[in-house]
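Colleague: Kindly generate the corresponding structure for this input.
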Amino acid sequence: MHEKATETQLRIGARNPFVFAEHKLNEKIMWKKMSSGQKRKKLEEAFGMPYDQLFDPKNNSPLFVKTGDMRPCNTVSNPLWAPNPEGSSYFITSRAFNDPVQGDLPDCYFTAALSSMAFLNMIPDNKPLPSPPELPNTYLFNFFSSAGGSAQPVKITYNLPLDRATNKYRYSKSFTAGEIWVALYEKAFASWVGARTDTPDYSKICTGDPVTALLNLTGKNTSRYSTTAYTGTQIFDIIKSKCNPATKKVLSPMVAYTYDPRIPPIPPGITYTDGTIVGNHSYSVLGFYGDSYIVMRNPWGQKGAGQGSGTVLGDPVGLPTGTLASGIWNNINLADANDAIFGLKSDVFRNYFKGFGWVSL
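Modeller: Residues are numbered from 1 along each chain as shown. I've put the predicted structure just below:
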């Protein structure tokens, strides 16, 4: 059935294991130069558990907030608020949809929504920061608590919460080195949700609802669909109807989210064993491919490490052959393991995803 966004407020949230592993091991890992097997081994080293147990919340994986304690989560303790030292320049330029890369905070719902906005060029322009940065350099962001409501402004500076032990920034950032628009949006959102300060409590944005996040970013009306009310073919047709038939791209910012297996009911036999389809996780929906594939982006900035080898990602562990598309969509190779974009068979989408939705422009 077609649901109103106000009927369901979700608590979706999975940390990015690739970023989280770097912080746990205190090393920079060149994930995109590693084979699937090497990625799996490195993740198992970082988290001390088998790869195929890492992506299911039922296994007490460190990627997820504990059952029964869905809002609070561990954040950087007593952070140092300063410019991110990892970039020599601080600027806001392209605002591309593949810029947002989630950090080790479980706010995939917001990062996915932000990527969906950027995909349709809906991220407002901001003036560049000088280099080196000089105070006060405040930035204004607007958020909305209801569709059609008044914009609620938040002002922040470029200072970010650094881990004092390592002097590293651990939360969401841009794929483009030195670019800070993603980090600023996340900080502004944390400030808006919390006490409206320049040093917000990021635990306030641990887990949330990706459809509601689109509303918060745009102030537009939302539409939400539960997958249990439709077949895979019907879901494909619904999403296709919201796309440009020529480009096969969505016409409105769209997101989707998987089940949390700790919270029934879920379809029988559903387990999450790979970093492509992750439990209690949010994704951007970008369009359609062929006559049965839904094109999506994982806010982690890359896929998992399934049954492929080298730089080619095979179908996720335990899923039917043909689950993932292998072809070119808008000049993007859907079989490339070194990005976050993939085409998922609509029947598999129907089984593993709880719902999807968009804001109407």
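Colleague: What is the burial count for the spatially closest residue to Asn244 that is not a sequence neighbour?
Modeller: Setting aside the residues directly before and after it, Asn244 is nearest to Leu251 in space (C-beta to C-beta, 6 or more residues apart in numbering), at 5.9 Å. No exception for glycine: its C-beta is placed from N, CA and C like everyone else's. The number of residues packed near Leu251 is 15, by other C-beta atoms under 10 Å.
Colleague: now do Pro253
Modeller: With other C-beta under 10 Å as criterion, Pro253 counts 30.
Colleague: ok, now Cys206?
Modeller: Counted with other C-beta under 10 Å, the neighbours of Cys206 add up to 22.
Colleague: Which of the helices or strands spans the residue nearest to it when sequence neighbours are not counted?
Modeller: For Cys206, ignoring the flanking residues on the chain, the nearest one in space by C-beta to C-beta, 6+ apart is Cys73 at 3.7 Å. Counting by DSSP states H and E, no helix or strand carries Cys73.
Colleague: ok so, going back, where does the residue nearest to Asn244 fall, phi/psi-wise?
Modeller: phi -100, psi -10 (degrees, to the nearest 10).
Colleague: residues touching it, list them.
Modeller: Taking C-beta atoms under 8 Å, 6 or more residues apart in numbering as the criterion, Leu251 is in contact with Leu120, Lys242, Cys243, Asn244, Leu361.
Colleague: Can you give me the distance of it to Cys243?
Modeller: Per C-beta to C-beta, to the nearest Å, Leu251 is found 6 Å from Cys243.
Colleague: same thing with Thr199?
Modeller: Taken as C-beta to C-beta, the span from Thr199 to Cys243 is 41 Å.
Colleague: What of Asp237?
Modeller: From Asp237 over to Cys243 (counting by C-beta to C-beta), the distance is 11 Å.
Colleague: One more: Ser116?
Modeller: In this view, Ser116 and Cys243 are 13 Å apart by C-beta to C-beta.
Colleague: what's the burial count for Lys345?
Modeller: Counted with other C-beta under 10 Å, residues neighbouring Lys345 total 21.
Colleague: Which pLDDT value goes with it?
Modeller: With respect to pLDDT, Lys345 scores 96.
Colleague: Also the one 3 residues further on?
Modeller: Looking at Val348, its pLDDT is 95.
Colleague: that's a helix at it, yeah?
Modeller: Yes - using DSSP: H, G, I helix; E, B strand; the rest coil, the secondary structure at Val348 is a helix.
Colleague: From Leu324, how far off is it?
Modeller: 9 Å.
Colleague: sorry, back to before: give me the more crowded residue out of Asp237 and Cys243.
Modeller: Cys243 (19 against 13).
Colleague: Phi, psi for that one please.
Modeller: According to degrees, to the nearest 10, Cys243 has phi -120, psi 160.
Colleague: Surely it and Gly287 touch.
Modeller: Yes - the criterion here is C-beta atoms under 8 Å, and Cys243 meets it with Gly287 at 5.2 Å.
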